[in-house]
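*Asks:* Let me see the structure of the following:
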Amino acid sequence: MRASSAEAFIVRELRRGLAPTLYYHSLAHTLDVAQAAQTLAAAEGVTDAETLALLRTAALYHDAGFLHTYAGHETRGCEMGRATLPDFGYSPGQIELICALIIATQYPQAPRCHLAQILCDADLDYLGRPDFVPISTSLFRELTARQLIASEYAWFQLQEHFLTGHRYWTATALARRSTPKQARLAHIRARLAAWPSPVAGA
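*Replies:* Here you go, the predicted structure:
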């Protein structure tokens with residue numbers, strides 16, 4: 001398994017192939033998730049080198065499907081993994097684990113193993129981080145560019161719904177991110193409650 005070569009390949013593909021209007025689902029997001037997964041895995045006691053390499057590969061491929069499609073990108077990312085990872089010496093079993101980890105990041109998340117929990121938490125690590133606002137704003141820009149969000153008010157409603165339904169899975173993420181995430185949710189709810197009412201007849 002030549003993990004470093006597979007990493008270089010997919011990073012190169014993402015750098016040159018992702019649409020410029022993927023303000024959130026960018027290469028920067030993929031690299032952020034890979035780093036967060038590595039940090040979480042260390043804190044969660046994952047030490048096996050092969051396991052860590054497979055987790056990193058899954059992180060780097062988890063949004064690769066955006067190279068081809070917006071909806072259902074996880075499935076497309078799995079197809080890309082099955083098509084390209086054998087060239088880097090990954091076994092069928094290793095590739096199926098990577099695919100299972102990628103599919104686990106579909107929302108609503110339903111991770112079925114510890115590694116999937118780590119990747120799911122890494123994917124949405126920013127929800128409980130200080131850089132929540134700039135990262136969430138990039139998602140707002142991305143959805144607006146695709147006409148998938150109607151207004152700023154609708155955006156805050158979407159965020160309120162998403163944060164209410166989201167949960168972290170690993171003990172590490174629960175300890176580090178849950179409290180800041182709940183504070184962010186409270187702030188969004190306060191903004192919605194104070195939102196100006198539309199002018200009558202407007």
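
*Asks:* Can you report how many residues lie near Arg184?
*Replies:* Using other CB atoms under 10 Å, Arg184 has 18 neighbouring residues. Using the backbone N, CA and C atoms, a C-beta is placed for each residue, glycine as well.

*Asks:* Quick check, pLDDT for it.
*Replies:* Note on Arg184: pLDDT of 97.

*Asks:* who's in contact with the residue nearest to it when sequence neighbours are not counted?
*Replies:* Among residues not flanking Arg184 along the chain, Phe132 sits closest, at 5.6 Å (CB to CB, 6 or more residues apart in numbering). Taking CB atoms under 8 Å, 6 or more residues apart in numbering as the criterion, Phe132 is in contact with 126, 180, 184.

*Asks:* Sitting in helices, which of the residues you listed do you find?
*Replies:* Among these, the residues falling in helices (DSSP state H) are 180, 184.

*Asks:* I'd like the contacts of Phe132 as JSON lines, with distance to Pro108 appended.
*Replies:* Converted to JSON lines, the contacts of Phe132 look like this (distance: CB to CB, whole Å):
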{"residue": "Tyr126", "distance to Pro108": "18"}
{"residue": "Pro180", "distance to Pro108": "21"}
{"residue": "Arg184", "distance to Pro108": "19"}
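
*Asks:* Specify which member of the contacts of Phe132 is nearest to Ser151.
*Replies:* Within the contacts of Phe132, the smallest distance to Ser151 is 20.2 Å, found for Arg184 (CB to CB).

*Asks:* The closest one reaches Leu127, doesn't it?
*Replies:* Yes: taking contacts as CB atoms under 8 Å, Arg184 lies within contact range of Leu127: 7.1 Å.

*Asks:* Sweet, I'm off.
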